[in-house]
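In: Got a sequence here, can you build the structure:
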Amino acid sequence: MTLASALATPPSRRNGPTCGVGDILDNLPDADRAALEAALLPGSGWKATDITRVLVANGHNVRADAVQRHRRRAQGNGCECPR
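Out: Residues are numbered from 1 along each chain as shown. Here you go, the predicted structure:
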């Protein structure tokens, strides 16, 4: 591959840092993903800190502020994650 062909198309990137919660959702089995998506919904009864505690206990590296930011995306002022 020539340099010109390698540079013909820029790589796709999201604006800003990647969303840790979105990365977790992308890599979960279907049942776990559905459960996490339900817990992230407003009115689910789950606090961001509680969701974070469960995720960390299950081997995921995420912070409560990332969970909270991901939850706010539905209101238009959170992360830019496509999930």
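In: Tell me who's in contact with residue 54.
Out: For residue 54, the residues meeting the contact criterion (Cβ atoms under 8 Å, 6 or more residues apart in numbering) are residue 39. For the C-beta atoms, the positions are set from N, CA and C on the backbone; glycine is no exception.
In: could you say which helix or strand contains it?
Out: Using DSSP states H and E, the element containing residue 54 is helix 48-57.
In: So which bits of the following helix or strand past that helix are buried?
Out: Past helix 48-57, further along toward the C-terminus, the next helix or strand under DSSP H and E is helix 64-72. For helix 64-72, a neighbour-count test (16 or more other Cβ atoms under 10 Å) marks 64, 66, 67, 68, 69, 70, 71 as buried.
In: Surely the third one is in contact with residue 21?
Out: Translated: residue 67. Yes. Using Cβ atoms under 8 Å, residue 67 makes contact with residue 21 at a distance of 5.8 Å.
In: from the middle of its chain, how far away would the helix holding residue 54 be?
Out: Centre-to-centre, helix 48-57 and its host chain are 14 Å apart (Cα atoms, centre = their mean, to the nearest Å).
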